[in-house]
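Q: structure for this input, please:
(chains A and B)
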Amino acid sequence: MGRKIVVGLAGNPNSGKTTVFNELTGAHQHVGNYPGVTVEKKEGRLQHRGYDFHIVDLPGTYSLTAYSPEELVARSFVVQDQPDVVVDVVDASNLERNLYLATQFIELDQPTVVALNMMDVAENAGKTIDDEMLGQLFGIPMVPTVAPKHEGFKELLDTIIEVAETKRDPQVQMNFGAELESHIEELTEAIDADGPLDGLKPRWIAIKLLENDAEVRKLVEKEASDPQGLLSIAESARVHVAQVVGDDAEIAITDRRYGFVSGAVREAMHHDQLHRVDWSDAVDRVVVSRMLGLPIFIFCMWAMFEVVFRLGAPAMGWIETFFTLLGEHVATMLPEGELQSLVVDGIIAGVGGVLIFVPNIALLFLAISILEDSGYMARAAFVVDRVMHRVGLHGKSFIPMLIGFGCTVPAIMATRTLEQRRDRIVTILISPLMSCGARLPVYVLLAGAFFAPAVAGKVIFSVYIIGVALAMVMALVFRVFLLKGSTTPFVMELPPYRMPTVRGVLIHVWERAWLYIKKAGTVILVFAIALWVLLSYPKPPESQLAGLDEQAAATYALEYSAAGRVGKAIEPVIRPLGFDWKIGVALVAGFGAKEVVVSTLGTTYSIGEADEESGDLREALRRDPVLSPLVAYVLMLFVLIYVPCLAAVAVTWRETNSWKWPLFMVAYTCTLAWIVSFIVYQGGRLLGYG
Amino acid sequence: MCVDLPPGAGSAARLADMGIRPGVLMNVISGGSTPGPVVIRIGDSRVMLGRGLSHKVLVQPA
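A: Next comes the predicted model:
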């Protein structure tokens, strides 16, 4: 184990930074959170030539100003943690915009290496880049790479070692032009005289104050000896610049940086214009157009769901068989009695019911990953934004909503891409209405029992659609009454179309699917056990069961149990919806996890282990006088709307950093579920469906 | 061509960071004639601007 090198990996979004990170660290990654902020922190390790590399994947940013939490995190890391080297991953086919970030490292005197990524794309576009000359002009070594093919990585690592060992900071200094420079010098001297500020370079502080950087201002106010003096110099400088140059100081500064980059790029890059192939724009014109955009999008979504459910079905069957066999096997190993019941009926049935959905979930995330990595998702967000804007949602909300069809937990986490807290909260609040994978067995069971096979599929589809419609309505309601304010200005970069890498996609899928499996192993497991306990105890004394046949005895025992009593207690509330206490028990069970609703229904209707395919359970449901097609449909709607599972509520609490929102979510979903169910049930009865 | 960015500190500076600054040549790929988001091309990048922003950026044909 040789010397340790801490590397900060920076770069624009869509520069291929994540691919570089994956290629460098492989499976040796760890994802966590920066304390106090919900920006993800990804770290990885690798060994090369006896050195131990600690690589921190910083959030993708266009610059290091304080406009968003991501940029702040990236900047704080560089400024405070002071990595040995920063690797700036640059999309070589889009040099100017990408190299803008590099100028920030120059200003910070941070030892940097630029990875000129996507060199293959640049070459295909007819661009020849002289990386040596570019490196000299920037004072930073530039290493060409093609991340998906693992090209250039050895040189990259070697260069990192060299820069780390020599502690070589950028050999060039930004010059902002006479006017700005004189103000910067004046301010720098004042700051220098004021005394050390957090170990930061005075010139950097000066530039940031001129740019009106909020964080640096706060720092000066807190720690400088004469904050007012410094700030007033900065202020008058800003006013002067605005007068003389004609632009706000920060725009002027940005302009100069771009000027520097443009000049360098013009020297070091040769663009063979004849090679320009703009098929991407042509495709975009179609994909995003008013006429075709939405239909194309709907088609893609439909295709995706078809794949997920058709391909997923056989795999689901295997897993189901596995768990059934496991249950039977364990039953023979354990003596009859409580323990056997707990393990087989409680744990295996409960957890198995969740894991059955892993193929579906994985396929859904696979499809989403491919769409994201290929670049289509950004265009889809554009198409969808037109519609979502009407209900006050942001186009970017659509990706979390899509993920919500698999599982609400990763969907809520995916809302991190929304910059405005308002948008995030609204999206989080409506995410449970995107019917998640766990609710599906309930629909399959009920639709299968009460509707003809030809109709059942459409019935289930209608439930999904109602979910989406309600989400739109609730978004509007929340926007108008609760979380007022204009929608964030929508700026989003459209990445160039590209082939997703197998590795990238698989890592993506794994991350999200693993969350789902983890949920099964933890929350669901606990809940399955708790539920089993509540349904089995207290047991009625033998004397009271004498003389009853098996069915009646089981029902009596159920009523006697803790869960049964809760069901009875809420019966008056749910009776107007056509439900009785047995359904009530299942619904209460569903508070913890939707997956257990079906197995609970199985228990309350006195069947042993039951799943949605179980013929016995369907029969039992049909025979029950309380249930009818109408009640079944109302029940499906209720399950669609009421309360997300405990895991989702927990994640909401974590992501919103407050008790208020998760509690509100529980309250509004239950209320809405009741109202909608009431309307549909009573309306249905009035119309004669009974 | 982009002529002016209005004050509105946050947005203007953010756009500038992404390359939308006064004097820069841009190409409208989609939208623009109708209210709604606009896709533009700046140099080698493609950026999508929401309706609020696209109205604020003043342009002049080059």
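
Q: let's test this: mean pLDDT of stretch A:599-618, rounded?
A: In this model, stretch A:599-618 carries a mean pLDDT of 62.

Q: for A:L197, grab phi and psi.
A: In terms of degrees, to the nearest 10, the main-chain angles of A:L197 are phi -120, psi 100.

Q: that one against A:I191, yeah?
A: Yes - because the distance of 6.8 Å satisfies C-beta atoms under 8 Å, A:L197 is recorded as touching A:I191. To be clear about C-beta, it is placed using only N, CA and C from the backbone, and glycine gets the same treatment.

Q: who touches both of the two?
A: When contacts are counted by C-beta atoms under 8 Å, 6 or more residues apart in numbering or on different chains, the set common to A:L197 and A:I191 consists of A:I205, A:A224.

Q: pick out whichever of the two has more residues nearby.
A: A:I191 (24 against 20; other C-beta atoms under 10 Å in any protein chain shown).

Q: list the contacts of A:I412.
A: Listed by C-beta under 8 Å, 6+ apart, the contact set of A:I412 reads A:P400, A:I428, A:S431, A:A648, A:V651, A:T652, A:E655.

Q: what is the nearest of these to A:V502?
A: Within the set of those, A:P400 lies nearest A:V502; the separation is 24.9 Å, counting by C-beta to C-beta.

Q: give me the number of residues near the closest residue to that closest one other than its chain neighbours?
A: Distances taken as C-beta to C-beta, 6 or more residues apart in numbering or on different chains put A:A414 closest to A:P400, at 4.1 Å, once the chain neighbours are dropped. A:A414 sits with 22 neighbouring residues when counted by other C-beta under 10 Å.

Q: for the stretch 251-400 of chain A, which segments count as helices?
A: Using DSSP state H, counting those that start in this stretch, the helices assigned to the stretch 251-400 of chain A run over residues A:279-287, A:293-333, A:338-340, A:349-355, A:358-374, A:376-390, A:398-404.

Q: between the fifth one and helix A:293-333, how big is the angle?
A: Following axes from the mean of the first three to the mean of the last three C-alpha atoms, to 10 degrees, one obtains 150 degrees for the angle between helix A:358-374 and helix A:293-333.

Q: rank the helices of the stretch 251-400 of chain A by mean pLDDT and give me the bottom one.
A: Going by mean pLDDT, the lowest-scoring of these is helix A:349-355, which has a mean of 69.

Q: low-confidence ranges in chain B?
A: Counting by pLDDT under 70, chain B contains low-confidence ranges at B:1-13, B:22-23, B:29-37, B:50-62.

Q: rerun at 50
A: Judged by pLDDT under 50, chain B has its weakly predicted residues at B:7, B:9.

Q: equivalent analysis for the stretch 551-690 of chain A, please.
A: A:608-609.

Q: can you tell me the SS state at the residue nearest to A:P400?
A: helix (DSSP: H, G, I helix; E, B strand; the rest coil).

Q: how far away is it from chain B?
A: For A:A414, the distance to chain B (C-beta to the nearest C-beta, to the nearest Å) stands at 19 Å.

Q: next: A:I399.
A: A:I399 sits 14 Å away from chain B when distances are taken as C-beta to the nearest C-beta.

Q: wait, doesn't that residue sit right on A:D385?
A: No - with contacts counted by C-beta under 8 Å, A:I399 stays clear of A:D385, the gap being 11.8 Å.

Q: okay, the contacts of A:I412 in CSV with secondary structure and distance to A:V56 next?
A: Rendered in CSV, the data for these read as follows (DSSP: H, G, I helix; E, B strand; the rest coil; distance: C-beta to C-beta, whole Å):
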residue, secondary structure, distance to A:V56
A:P400, helix, 25
A:I428, helix, 27
A:S431, helix, 30
A:A648, helix, 30
A:V651, helix, 24
A:T652, helix, 28
A:E655, helix, 22
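
Q: just the buried ones from those, in PyMOL syntax?
A: Here is the PyMOL command that selects only those of the contacts of A:I412 that count as buried (16 or more other C-beta atoms under 10 Å in any protein chain shown):
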select buried, chain A and resi 400+428+431+648+651+652+655
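
Q: looking at the contacts of A:I412, which is nearest chain B?
A: The nearest member of the contacts of A:I412 to chain B, counting by C-beta to the nearest C-beta, is A:P400 at 17.9 Å.

Q: who's in contact with the closest one?
A: Per C-beta under 8 Å, 6+ apart, neighbours of A:P400: A:A411, A:I412, A:A414, A:T415, A:T417, A:L418, A:T427, A:I428, A:S431.
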